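**Student:** got a predicted structure plus its sequence, pasted below:
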Amino acid sequence: MNGSAALIYVGSLSTDAEIIRLSQRWSPAVVAIDSPLFLPRGLCCLDEGCSHPCCNDWAGEKRVAERELYRQGIRLYWTTRKSFIKPMIYRSMELRRILEAQNMPVIEVYPHASKVRMFGLPIPKKSTRAGRQWLRQRLEGLVPGLREHERRLGHDELDAVVAAYTAYLRGQGQAEAVGDLQEGVIYVPKTRAGQ
C-alpha cells in the first residue's frame with residue numbers, strides 16, 4: 001500500500017527471508033504485522049516448563065492490549081503460555097527485531113479489531129465467500145486499486161490489506177495504540193469509517 005492507501009502489490013510469501021526482501025524492496029514507512037510482537041509483562045518466554053524466576057513469579061495476567069480489546073467486545077487469541085500460536089508469536093517477534101535493526105518501523109495490528117472498529121459488528125466469517133465479498137465491498141471505497149487485485153484477494157490477503165490500511169491510518173493520525181508500551185501495543189482505527 002502506498003502513502004495514499006492505494007493497493008500496489010498483492011502476493012503470498014512463505015519465508016522470513018522473502019518478507020525481509022520485500023520490505024527492503026518497497027522501503028515502507030511502517031511494517032504492520034498481524035501477530036503479537038511482545039510477550040506479556042513478566043514473561044521471558046511462552047514455554048510452560050520454563051524454570052526462569054520470571055515465569056515462576058508471573059501472576060498469569062494477559063497483555064494489557066488484549067484485555068482492553070476484549071473489554072470492547074473484540075474476540076482474540078490471548079498471548080499466554082497455553083497459546084496454540086506460539087510458533088507464530090516467536091517468528092513475528094524475530095521478524096520485528098530484524099526489521100527494526102534495519103531501521104524499518106514495525107507495528108502490531110489485529111485485522112479483526114480493525115474491522116470491528118471500522119465497520120462494527122456483526123462481521124461474517126472471513127473464510128467464507130460471503131465474508132470475503134462483505135469485506136471487499138467495504139474496502140473498495142477506502143483502498144484505491146483493490147479491484148485490480150480482486151482475483152488474488154483470499155481471506156489472508158484481505159486481512160493483509162486491513163493490516164496495511166490500519167498502518168496507513170496510523171500515519172494519518174486516525175489510529176490509536178491500545179495497551180501498554182512496555183509490553184507492546186496494538187494499533188486500531190480510532191473510529192468507524194465514515195464517522
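**Tutor:** Received it, and whenever you're ready, just let me know what you need.
**Student:** contacts and neighbour counts: CA atoms only from here.
**Tutor:** Will do.
**Student:** residue 180 contacts residue 66, correct?
**Tutor:** No: using Cα atoms under 8 Å, residue 180 makes no contact with residue 66, being 10.1 Å away.
**Student:** skip ahead from the lowest-mean-pLDDT helix or strand in the chain and say which helix or strand is next.
**Tutor:** In the chain, no helix or strand scores lower on mean pLDDT, DSSP states H and E than helix 53-57, which sits at a mean of 66. Next helix or strand after helix 53-57 toward the C-terminus (DSSP states H and E): helix 64-71.
**Student:** just checking, what packs against that next one?
**Tutor:** In terms of contacts (3 or more Cα pairs under 8 Å, 6 or more residues apart in numbering; DSSP states H and E), helix 64-71 is packed against strand 175-180, strand 184-189.
**Student:** what angle sits between that helix and strand 184-189?
**Tutor:** Using axes from the mean of the first three to the mean of the last three Cα atoms, to 10 degrees, the direction of helix 64-71 lies 40 degrees away from that of strand 184-189.
**Student:** would you mark the buried spots in helix 64-71?
**Tutor:** Of the residues in helix 64-71, 64-67, 69 count as buried by neighbour count, 16 or more other Cα atoms under 10 Å.
**Student:** adding pLDDT, write these out as a markdown table.
**Tutor:** Formatted as a markdown table, the buried residues of helix 64-71 follow (pLDDT from 0 to 100):
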| residue | pLDDT |
| --- | --- |
| 64 | 94 |
| 65 | 96 |
| 66 | 96 |
| 67 | 95 |
| 69 | 96 |
